[in-house]
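Visitor: Here's my sequence, what's the structure:
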Amino acid sequence: MTEKEKAAQGLLYDANYDRNLIEERLFCKGILYEYNRLHPSLLEEREKLLKKLLGKTGKNLLIEQPFLCDYGYNIEVGENFYANTHCTILDAAKVTFGENVFVAPDCSFYTAGHPFDLEQRNRGLEYAFPIKVGNNVWIGGHVVVLPGVSIGDNSVIGAGSVVSKNIPAGVLAAGNPCKVIREITDDDRRKYKEA
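Guide: Just a heads-up that it's a prediction; the model follows:
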């Protein structure tokens with residue numbers, strides 16, 4: 001079994017020394033180098049590079065520069081995906097975003113983690129568990145989403161949260177660790193007025 005296959009099955013795998021994984025990360029970093037150096041006004045060129053890099057995209061997507069990830073092909077985004085500056089996605093496992101997802105600046109999504117056992121960790125072993133973000137989710141600034149977490153449809157994650165456990169649909173959740181504060185109500189939907 002290859003190290004990539006082990007990672008896909010949620011087993012410990014060698015992320016540090018496996019030649020194939022190193023080459024895949026270098027390929028990704030090369031595309032990101034080009035992407036992050038493009039003039040911000042070159043939207044078509046930026047979108048073409050993202051569609052070349054990511055595993056699946058909708059027609060409309062925008063990820064502001066700079067953007068960082070490990071492999072790219074494990075990231076899937078639905079229609080109308082937007083991520084603000086300094087988005088980091090460590091995609092050793094699948095990271096799936098639904099439709100109409102908005103990610104504020106400085107957010108990080110980490111599928112990878114390291115074992116507590118120091119001998120395993122020092123051998124370069126790590127694990128990777130998928131992350132899933134539902135439809136119509138807004139993630140506030142400086143949020144960190146940890147391995148294996150799912151965030152339900154129509155939820156809002158407050159700024160500065162560390163999401164270490166699953167968050168259900170239709171709620172406002174925040175904190176470190178991130179916890180459900182309350183359901184999103186009709187009053188919330190009417191809070192801000194349009195011109």
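
Visitor: what about the helices in this structure?
Guide: Using DSSP state H, the helices of the chain run over 3-8, 19-37, 43-53, 118-122, 186-189.

Visitor: Residue 172 and residue 181 touch, don't they?
Guide: Yes. Using C-beta atoms under 8 Å, residue 172 is in contact with residue 181, at 4.9 Å. All C-beta spots, glycine's among them, are computed from the backbone N, C-alpha and C.

Visitor: what is in contact with these two at once?
Guide: Shared contacts of residue 172 and residue 181 (C-beta atoms under 8 Å, 6 or more residues apart in numbering): residue 158.

Visitor: quick one: which of the two has more around it?
Guide: Using other C-beta atoms under 10 Å, the more surrounded residue of residue 172 and residue 181 is residue 172, with 17 against 13.

Visitor: Against residue 193, how distant is the more buried one?
Guide: 20 Å (C-beta to C-beta, to the nearest Å).

Visitor: Check residue 119 too.
Guide: As judged by C-beta to C-beta, residue 119 and residue 193 stand 59 Å apart.

Visitor: Those two: which is more packed in?
Guide: Using other C-beta under 10 Å, the more surrounded residue of residue 119 and residue 193 is residue 119, with 8 against 5.

Visitor: just to revisit the earlier point, which one of the helices of the chain is the most hemmed in?
Guide: helix 3-8 (a mean of 18; mean count of other C-beta atoms under 10 Å).

Visitor: Now do it: everything it contacts.
Guide: For helix 3-8, the surrounding residues in contact (C-beta under 8 Å, 6+ apart) are 12-15, 18, 20-21, 24, 92-93, 127-128.

Visitor: of all those residues, which comes closest to residue 59?
Guide: Lowest distance from residue 59 to the contacts of helix 3-8 (C-beta to C-beta) belongs to residue 93, with 25.5 Å.

Visitor: what sits against residue 178?
Guide: Going by C-beta under 8 Å, 6+ apart, residue 178 touches 143, 157-158, 161-165, 167.

Visitor: Check the separation of the first and last residues in stretch 116-127.
Guide: Stretch 116-127 has an end-to-end distance of 11 Å (C-alpha to C-alpha, to the nearest Å).

Visitor: contacts for that stretch?
Guide: For stretch 116-127, contacts defined as C-beta under 8 Å, 6+ apart pick out 7, 10-17, 92, 112-115, 147.

Visitor: What's the PyMOL line that selects buried ones from those?
Guide: Filtering the contacts of stretch 116-127 down to the buried ones (16 or more other C-beta atoms under 10 Å) takes a single PyMOL command:
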select buried, resi 7+12+13+14+15+92+112+147
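
Visitor: what's the most distant pair in the contacts of stretch 116-127?
Guide: Spatial extent of the contacts of stretch 116-127 (C-beta to C-beta) is set by the pair 17 and 147 at 20.8 Å.

Visitor: Output the helix or strand of the chain with the lowest mean pLDDT as CSV - backbone C-alpha positions only.
Guide: Lowest by mean pLDDT, DSSP states H and E among the helices and strands of the chain is helix 186-189, with a mean of 85. Presented in CSV, the C-alpha positions along helix 186-189 are these (Å, rounded to 0.1, in the frame of the first residue of the first chain):
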residue,chain,number,x,y,z
ASP,A,186,-35.8,34.7,11.4
ASP,A,187,-34.8,37.8,13.4
ASP,A,188,-31.2,37.2,12.4
ARG,A,189,-32.3,37.0,8.7
